[in-house]
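**Student:** below are the sequence and a predicted model; questions follow.
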Amino acid sequence: MLRARHNALQEVLTLDPQKDYERIVYLLACYEFPFDVARSGEMALFRTFAVPGIANLLQHTGEFTHRTQKRYDATDLILSTIFENGFDTKAGRTAFSRMNKMHGHYTIPNHEMHYVLSTFMYVPIRWMGRFGWRPLTAQEKPGFFYYMREAGRRMNNKELPNDYHEFERFSLNYEQDNFAYSEAAHKIADLNVDMFLGWFLPKFLRPFGRPFIYALLDESLLKAFGFPRSPKIIRGLVNFALKLRAGLVNLFPEQKKPLLRSKGSKRSYPMGHKIEEVGPKFR
């Protein structure tokens, strides 16, 4: 039985996932699971690196190799702006326009766009099912699917699957058929691990933190990146810490205000930003 700790959950239970998906995702990202949506988005990003075609393109652009933090922040700001404001607001339309301009500068196969979209759809659902402070409701899983599917349509993805399970099968089969080791994947993943650790560890301690990041990656990702498997005790500690956090969150008082990541200070834009200008500058 779900514990109605937040008023947001009470509202979610009244919503229709096929019609109210924007509201459902707003409540998920800004009230119910802000930490989990952010962390699972990072894990989704890692999965895209394991596809050699995607990794090679990202290496070619230089955005994730020479400007790792700035590229991460641009992605975070664009997605957060859309989550927080909605698709058809001025801010939402501007964020989609900026994202499409960034993607449109390169030739990206439709199947790769499909896969990237699927990671941002299913990885958060799986993460929250494993580490969330409560189970996702019958409204939230399909709501997230319909939300991301509509986002994909606005990103010019063609022939998107209409069914939750059909799209999930596509995603899992795509990983089985396409995940492979590449030098580009290793380099990009390595730089992102270093970026994450750099947020809270000095450089000389980062090697000790790496096994804790590796513990969050499954065998297929470790193989694609050429990373070692973390010791069993570290995998257990990471799993325990995240589940302990979930239990503690369940004891916290109700969150009264939304957590808006697009309004927070970003390392790459300490003086603020305009959403139409984040990311790379094209001639």
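**Tutor:** All right, it came through fine. Numbering: from 1, shown residues only.

**Student:** what's the spacing between the residue nearest the centre of the chain and residue 13?
**Tutor:** Nearest residue to the geometric centre of the chain (Cα atoms, centre = their mean): residue 41, 1.4 Å. Note on residue 41: its distance to residue 13, by Cβ to Cβ, to the nearest Å, is 25 Å. For the C-beta atoms, the positions are set from N, CA and C on the backbone; glycine is no exception.

**Student:** then residue 89?
**Tutor:** Residue 89 is 25 Å from residue 13, by Cβ to Cβ.

**Student:** residue 119 now?
**Tutor:** 27 Å.

**Student:** what does residue 56 give?
**Tutor:** 45 Å.

**Student:** which one's more surrounded, these two?
**Tutor:** residue 56 (15 against 12; other Cβ atoms under 10 Å).

**Student:** which residues does the more buried one contact?
**Tutor:** Contact analysis of residue 56 by Cβ atoms under 8 Å, 6 or more residues apart in numbering lists 182, 184.

**Student:** dihedrals phi and psi, it?
**Tutor:** phi -60, psi -40 (degrees, to the nearest 10).

**Student:** cool, and residue 89?
**Tutor:** Dihedral angles for residue 89 - degrees, to the nearest 10 - are phi -80, psi 170.

**Student:** now residue 269
**Tutor:** According to degrees, to the nearest 10, residue 269 has phi -130, psi 60.

**Student:** quick check: pLDDT value at it.
**Tutor:** We have a pLDDT of 82 for residue 269.

**Student:** give the contact list for the nearest residue to it once chain neighbours are set aside.
**Tutor:** In space, and not counting its chain neighbours, residue 269 is closest to residue 73: 6.6 Å by Cβ to Cβ, 6 or more residues apart in numbering. Contacts for residue 73 (Cβ under 8 Å, 6+ apart) come out as 266-269, 278.
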